[in-house]
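Asks: 3D model of this:
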Amino acid sequence: MRFYRPHSFFALLLTGFVFVSLPLLTALYSSVQVMEDLVQQSAFAVYRSVDRVSNSRHLVELLLDQERKARLYNVLGEPSQLDAVNQIHEQVADILEHFSMGSEDADLLEQLEQLRAMEQYQVAVLNRMTSGPELRKKELEQVLARYRDLNALALNVAQASNQLMISEVEALKEKVRENKQMLAWQTSGLIGFSLLLIALFVVLISKPVAQIDRGIEQLGDGDFQTPIHVSGPKDLEVLGQKLDWLRKRLAQLDREKVKLVAHISHELKTPLSSIKEGAGLLKEEVVGAMNSRQQDVVRILDKNCTKLQKLIENILDFNMAQARKIPLEKKPVRLDAVIDEVVADQRNSIIARRIKLDVQVSKAVVSGDRTQLKTIFDNLLSNAIKFVADEGEISIRMHQEDRKVTVMVEDNGPGIRDQERSRIFSPFYQGKSAKSTVVKGSGLGLAIAKEYVQNHGGSIRLLSSRQGARFAVILPLTS
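Replies: Residues are numbered from 1 along each chain as shown. Predicted structure coming up:
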């Protein structure tokens, strides 16, 4: 069941970008909100601390001024001094009221209440003394002496305000630390979630692209049987459907090509057989004796008929190998015996050109088609004989390892150029060195060898060599 199917590849990219960006934007927004809260709390704490410290200092100054006015009243007895004391009392009351409203500390509130009561009692006593002149001066001195306790309490309030400011700063630091840790965990979680979303959308994006890539490679490798399916955005699915249509069309053309080549080859072989039989009759002088010049013409005719017949057979073999229509009658085959048989078939050419052949093979049994296996090594040895110089050297060596047998065919001929190494197994391709040889090939030998090796579940490689060409055929051994 598919929960999401975008209409286009661009829509999938855009959706991925939005979904991946959302957690990061959330983390950014959360960080901004936390920072704004911290800034507001810090500003409020600073303003409140400054206000509290300012009020406490002003309170101390007012109480000292009130004490001076009271003592002047004690010395001078002027009513204006007492009025000044009452005015200061009103200011002190306002400050204490403001102080109490802006504070939540229980100890500080208790000290403020105690300070308010003491200051209010002190002023009340001073005002009552005006209506009792019979009080002695000594008693007034005792009243004024209590200002020391009042000032001491005001200093305690100031110290408590400073201590409260320090406590609020520490609390703010702890709040910052907690928010920092919270943001770190939150950001890590959101980034991790974004990475998961990135991985998810990478899979969603790369999967159809990889399917298209595999489909194109499949067509390039000539596999027209495996259906091509692309799942993802609708536009890529449509592209996959078009690739599958192309696969079916190529498969149809490939079948038609096989039929055409088989038909043409068959049509060519019929008149060729007649020509070859006629040349054979002339060569055997059945219709009469021939002079030397006529015999030369007949030999040329017979030689080219044989060459043309070999070319047609190679085309048929390659065509059927590509079509995978040659049934493999897999039986246990002695690979060393096959190689010995190939060497025996090529013995005349080797002796005629005085080529030094070194064969080192051991008993190795593989499961396969003897005819195809013989064709593989016959083509490799024929190529080596064709390109090596007279009195040259060719070696065939075999070794077995990990349930596989490797056969190396190496010569000391001109070798294969670097720019040609990737094309030598292509059908009908002939390298530069082939143009200088006397015997022209069809360019199908290595292509047929590769197809037959793959039919047997093996591989054929061109290896690096200081001189000449070196091919390695790797085949699985029978269990």
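Asks: ok, for residue 461, nearest residue in space, not its chain neighbours?
Replies: residue 472 (4.9 Å; Cβ to Cβ, 6 or more residues apart in numbering). Any C-beta I mention is one placed from the backbone N, CA and C, and that applies to glycine too.
Asks: ramachandran coordinates for the one you found?
Replies: Phi and psi for residue 472, reported as degrees, to the nearest 10, are phi -120, psi 130.
Asks: for residue 8, same thing?
Replies: Backbone torsions of residue 8, given as degrees, to the nearest 10, read phi -150, psi 160.
Asks: with the one 10 residues further on instead?
Replies: The main-chain torsion angles of residue 18 are listed as degrees, to the nearest 10 and equal phi -70, psi -50.
Asks: look at it and say how many residues are nearby.
Replies: By other Cβ atoms under 10 Å, the residues close to residue 18 number 11.
Asks: so how far is residue 80 from it?
Replies: 79 Å (Cβ to Cβ, to the nearest Å).
Asks: mind listing what the residue nearest the centre of the chain touches?
Replies: Residue closest to the average C-alpha location in the chain (Cα atoms, centre = their mean): residue 202, at 8.0 Å. With Cβ atoms under 8 Å, 6 or more residues apart in numbering as the criterion, no residue contacts residue 202.
Asks: isn't there a helix covering it?
Replies: Yes. Residue 202: assigned to a helix according to DSSP: H, G, I helix; E, B strand; the rest coil.
Asks: host element of residue 366?
Replies: Taking DSSP states H and E as the definition, one finds residue 366 inside strand 365-368.
Asks: repeat that for residue 69.
Replies: Assigned by DSSP H and E, residue 69 belongs to helix 9-76.
Asks: point out where the stretch 51-200 of the chain drops to low pLDDT.
Replies: Scanning the stretch 51-200 of the chain for pLDDT under 70 picks out 99, 102-105, 129-140.
Asks: could you pull out the buried residues of stretch 244-251?
Replies: 244, 247 (16 or more other Cβ atoms under 10 Å).
Asks: please apply the same query to stretch 410-427.
Replies: 410-416, 420, 424-425, 427.
Asks: returning to what we had before: tell me how far the residue nearest to the centre of the chain lies from residue 237.
Replies: Relative to residue 237, residue 202 is positioned 19 Å away (Cβ to Cβ).
Asks: check residue 218 too.
Replies: Using Cβ to Cβ, residue 218 is found at 17 Å from residue 237.
Asks: and what of residue 355?
Replies: Distance from residue 355 to residue 237, counting by Cβ to Cβ: 59 Å.
Asks: which one of those two has more residues nearby?
Replies: Between residue 355 and residue 237, counting by other Cβ under 10 Å, residue 355 is the more crowded of the two (19 against 16).
Asks: surely the more buried one touches residue 387?
Replies: No. Counting by Cβ atoms under 8 Å, residue 355 stays clear of residue 387, with 11.1 Å between them.
Asks: give me the buried positions along the strand holding residue 366.
Replies: By 16+ other Cβ under 10 Å, the buried positions in strand 365-368 come out as 366-368.
Asks: what sits up against it?
Replies: Residues outside strand 365-368 that contact it (Cβ under 8 Å, 6+ apart): 328, 330-335, 373, 405, 455-456, 475-478.
Asks: helix 9-76 and the host helix or strand of residue 277, what's the angle between them?
Replies: Per DSSP H and E, residue 277 falls inside helix 234-283. With axes from the mean of the first three to the mean of the last three Cα atoms, to 10 degrees defining the directions, helix 234-283 sits at 150 degrees from helix 9-76.
Asks: what helices or strands is helix 234-283 leaning on?
Replies: Secondary-structure packing of helix 234-283 (3 or more Cβ pairs under 8 Å, 6 or more residues apart in numbering; DSSP states H and E): helix 147-220, helix 292-323.
Asks: centre of the chain to that helix, how far?
Replies: 43 Å (Cα atoms, centre = their mean, to the nearest Å).
Asks: between it and helix 292-323, how big is the angle?
Replies: Put simply, helix 234-283 runs at 150 degrees to helix 292-323, going by the same axes, to 10 degrees.
Asks: so for helix 234-283, mean pLDDT?
Replies: Mean pLDDT, computed over helix 234-283, is 79.
Asks: could you check the angle helix 147-220 makes with that helix?
Replies: Interaxial angle, helix 234-283 versus helix 147-220 (the same axes, to 10 degrees): 30 degrees.
Asks: residues contacting the spatially closest residue to residue 445 that is not a sequence neighbour?
Replies: Of all residues not flanking residue 445 in the chain, residue 379 sits nearest, at 3.8 Å (Cβ to Cβ, 6+ apart). With contacts taken as Cβ under 8 Å, 6+ apart, residue 379 has the following neighbours: 445-446, 448-449.
Asks: let's see 10 Å
Replies: By Cβ atoms under 10 Å, 6 or more residues apart in numbering, residue 379 lies in contact with 314, 317, 342, 409, 441, 444-450, 452, 471.
Asks: got those as TSV, with neighbour count columns?
Replies: Conversion of the contacts of residue 379 to TSV gives the following (neighbours: other Cβ atoms under 10 Å):
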residue	neighbour count
314	19
317	20
342	22
409	22
441	19
444	23
445	22
446	21
447	22
448	25
449	23
450	23
452	26
471	24
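Asks: of these, closest to residue 96?
Replies: For the contacts of residue 379, the closest approach to residue 96 (Cβ to Cβ) belongs to residue 450, at 104.0 Å.
Asks: so the closest one is in which element?
Replies: Element membership of residue 450, judged by DSSP H and E, is helix 445-455.
Asks: next, the angle helix 292-323 makes with that helix.
Replies: Going by the same axes, to 10 degrees, helix 445-455 makes 30 degrees with helix 292-323.
Asks: what pairs with the following helix or strand past helix 445-455, parallel or antiparallel?
Replies: The first helix or strand that comes after helix 445-455 along the chain, using DSSP H and E, is strand 459-463. Sheet partners assigned to strand 459-463 using DSSP bridges are listed as strand 470-476 (antiparallel).
Asks: buried residues in the partner strand?
Replies: So strand 470-476, judged by 16+ other Cβ under 10 Å, has buried residues 470-471, 473-475.
Asks: any chance you could map the helices in the stretch 301-450 of the chain?
Replies: 335-345, 347-352, 370-387, 445-455 (DSSP state H, counting those that start in this stretch).
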